[in-house]
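J.: no sequence on this one, just coordinates:
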C-alpha cells in the first residue's frame, strides 16, 4: 500500500483502520515498515489537527509529586521553604526562576510547563 501525507478526516480514518489491521506486524518486515510509516503520518496529522496544550504548572507539580510520592515537605526540600511550597500549591505565590530551575532539576518537569501563566 502506498502512503502519503494525511490531509483530510477521511484519509485519517482510513490510516487508523489500516494501522489497526497491521498493528501486530513484526519490525523489519514490509508490514512492519508500513506500520512505522503510518504511525508517523498519523502522529503528524494529530499534532496539526488535535493539538494538546501544556498542563497547568501547579497541576503538573501536583501530578509529579503524586508520581514521586512527594508531599509538601518534599517540595519544600526542592525549592527551599515550606511556606513557599504551600503557597505555590495553593496558588498564592508564583514560581520564581530559581524555583523553576530547582523543580526542573529535581522533579524533571519541563521548564516550558513551569513558566506558563496560571
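T.: Happy to help now that I have it. What you are looking at is a predicted structure, and each value in this text was computed from that prediction instead of being measured.
J.: Relative to residue 6, how far out is residue 116?
T.: 30 Å (Cβ to Cβ, to the nearest Å). From N, CA and C alone the C-beta is placed, and that goes for glycine too.
J.: Equivalent analysis for residue 35, please.
T.: Separation of residue 35 from residue 6 (Cβ to Cβ): 15 Å.
J.: and what of residue 55?
T.: According to Cβ to Cβ, residue 55 stands 27 Å off from residue 6.
J.: So which of these two has more stuff around it?
T.: Neighbours were counted for residue 55 and for residue 6 using other Cβ atoms under 10 Å; residue 6 has more, 22 against 16.
J.: Checking the residue nearest to the more buried one when sequence neighbours are not counted next. Helix, strand or coil?
T.: Excluding the flanking residues, the one nearest residue 6 by Cβ to Cβ, 6 or more residues apart in numbering is residue 45, at 4.1 Å. At residue 45, secondary structure determined by DSSP: H, G, I helix; E, B strand; the rest coil is helix.
J.: List the backbone torsions phi and psi for residue 108.
T.: Main-chain dihedrals, residue 108, degrees, to the nearest 10: phi 60, psi 40.
J.: Return the per-residue confidence for it.
T.: If you check residue 108, the pLDDT there is 97.
J.: Leaving out chain neighbours, which residue sits closest to it?
T.: Nearest residue to residue 108, sequence neighbours excluded (Cβ to Cβ, 6+ apart): residue 64, at 7.5 Å.
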